[in-house]
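**Student:** what shape does this take:
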Amino acid sequence: MPRRPARTDSALTRSLEANVRGRVTTREGELGPYDHDGSHLSGRPLAAVAPADTEDVVRLVRWARARRVALVARGAGTSLDGESVPADGAVVVDFAGWTRLLEVDPDGLWARVEPGVVNRELQRALLPHGLFFPPNPGSWTTSTIGGNVGTNASGPRSFRYGPTRAWVREVETVLGTGARVRLGSRVAKRSVGPDLLQLYVGSEGTLGITTEVTVRLAPVPRVRQGLVVALPRRVALGRLASRLTRIPGSGLSAVEYLDRNCASAIVQQRTAPWPGNAALLLLEVEAGGAAEARARVRRVRSVLAEMKAADELTVFADADELWTLRGSSGDVLEERFGRTVREDVAVPLVSVDALIAEFARIARRAKVPYFLFGHLGEGSLHPNFAIDSASRAAERVRTAVVRASRSLGGTISSEHGVGRLKRRFLTEELGAGAVALLAAVKRACDPDGILNPGKLYPDPVRTG
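**Tutor:** From the prediction side, this is the model:
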């Protein structure tokens, strides 16, 4: 495992400065922003390096390997399970300045970007081409493409388009050996053995440091309407979601949910134009024109009436305005309560209502306010408990949520990843044999264990 030098190890930092061409930050006051991410976790980095180019990343990895110093790649630091928190004494590899859109092929429907490109900025840059990158996590205004790849991020529109994994064609990465490799291909399909790219997506920076990403693109729909539906108190959410997924020709690209507590909090702190006294269904309908949009909305309204869901709609002509408001849910709760337990689990649609009932029981046992939002159409839910996320009580709540999801045939993480917070649950979900395979891949790509140690894997990976 990597050594853990003190921040004051001046000989080591001088050696680092001599071996890379990029900017090196070592001053205590300037390292503060690198100590933490969107979770409650923190670490004490030795330094931060903004590499000059990919060859500089290779030099940095070789330096770190020779000295057994840990490296953690970082974009915007929006990770919620500690994926981008540095181990003590690690060097943070800062890609915030790597923001170039390197190439767009409108005919081939792909773009090549640097890992520090912010998701929303990529969307804006693609608009003149009539194209977009479908994954839009709640943090899309700040999260980077490199981070999206690292955690296989999703978002509201994954209901139709799927997670980041479905939209990555090729990645250039520097492995823990210092080797510079390309995974994937720009062709539409390829059958050349196991897909190493798909193994890499979601690996949380533990196998390599991403230096370039080629993403697939889709044509921008001519019409994207956001719809907000106030729901009655007693509606079977799982059945409703299942029915919505089966509407032929609906054009639905997102099926989201806010419980009454969450909807009310956003109204109070963001002046959202929706009812604050009811749970809400948030939908997006895509269409090729206004007439088609009206027809598709009629189909959706018909199903809502059939399911005895309220039929009064609030319409957002600009769906992105709706998703920006929806994406503020976590921030709104943090502004109100400080750091909360913000979980991320998913179950089959048939078990959605049972899981939500279990969330309420967990909140009652913990005697804390509880808020829920999530990607209802996929059974992916984010329960939030107003409790100090670093407390022992928070760990009990987190464990109860994960175990409830697993007991209903679900997963410990639908889109936020594993990081440090959930690594102890990995073997429960994947099984010891599968985790051993993951560890073997880790050893092959990072034989000295220098890349983002303490993340994803439930136990330290033996090296050497």
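**Student:** please make it C-alpha for all contacts and neighbour counts, starting now.
**Tutor:** OK.
**Student:** and G454, how far from S414?
**Tutor:** As judged by Cα to Cα, to the nearest Å, G454 and S414 stand 20 Å apart.
**Student:** sorry, wrong one. I was asking about R157.
**Tutor:** Counting by Cα to Cα, the gap from R157 to S414 is 14 Å.
**Student:** over to V223?
**Tutor:** 29 Å.
**Student:** these two: who's more crowded?
**Tutor:** Using other Cα atoms under 10 Å, the more surrounded residue of V223 and S414 is S414, with 23 against 19.
**Student:** surely that one touches G374?
**Tutor:** No. Taking contacts as Cα atoms under 8 Å, S414 lies outside contact range of G374: 10.4 Å.
**Student:** quick check: neighbours shared by those two?
**Tutor:** S380 (Cα atoms under 8 Å, 6 or more residues apart in numbering).
**Student:** wait, R443 sits on G449?
**Tutor:** Yes. With contact defined as Cα under 8 Å, R443 counts as touching G449 (7.2 Å).
**Student:** comparing the two, which residue is more hemmed in?
**Tutor:** Ranked by neighbour count (other Cα under 10 Å), R443 and G449 place G449 first, with 28 against 19.
**Student:** what pLDDT is listed against that one?
**Tutor:** Note on G449: pLDDT of 96.
**Student:** ok, it to D35 distance?
**Tutor:** From G449 to D35 the distance is 20 Å (Cα to Cα).
**Student:** go on, G146?
**Tutor:** The gap separating G146 from D35 is 19 Å, by Cα to Cα.
**Student:** more neighbours, these two?
**Tutor:** Neighbours per residue, other Cα under 10 Å: of G146 and D35, the larger number sits with G146, 31 against 18.
**Student:** ok, the more buried one touching G75?
**Tutor:** Yes. Using Cα under 8 Å, G146 makes contact with G75 at a distance of 6.8 Å.
**Student:** hey, what's in contact with both of these two?
**Tutor:** P115, G116.
**Student:** give me phi/psi at P383?
**Tutor:** Backbone geometry at P383, expressed as degrees, to the nearest 10, gives phi -80, psi 140.
**Student:** who's in contact with it?
**Tutor:** V341, R342, E343, D344, F359, Y370, F371, L372, F373, G374.
**Student:** quick one: mean pLDDT for the strand or helix carrying R361?
**Tutor:** Under the criterion of DSSP states H and E, R361 resides in helix 352-366. What helix 352-366 shows for mean pLDDT is 98.
**Student:** give the buried residues for that helix.
**Tutor:** V352, D353, L355, I356, E358, F359, A360, I362, A363, A366 (16 or more other Cα atoms under 10 Å).
**Student:** need these in TSV (columns: distance to W323).
**Tutor:** Output for the buried residues of helix 352-366, formatted as TSV (distance: Cα to Cα, whole Å):
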residue	distance to W323
V352	22
D353	24
L355	24
I356	22
E358	27
F359	24
A360	26
I362	28
A363	27
A366	31
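**Student:** got the domain ranges for this protein?
**Tutor:** Domain assignment for the chain, taken from automatic domain parsing, gives 1-220+422-464, 223-327, 329-418.
**Student:** if we can go back for a sec, any idea which helix or strand comes after the helix holding R361?
**Tutor:** That would be, after helix 352-366 and using DSSP H and E, strand 370-375.
**Student:** residues in contact with that next one: which ones?
**Tutor:** 155-156, 159, 254-259, 261-262, 329, 360, 363, 380-386.
**Student:** same question, stretch 231-245
**Tutor:** Under Cα under 8 Å, 6+ apart, the answer for stretch 231-245 is 255, 278-281, 300, 303-304, 307-310, 349-353, 376-377, 379.
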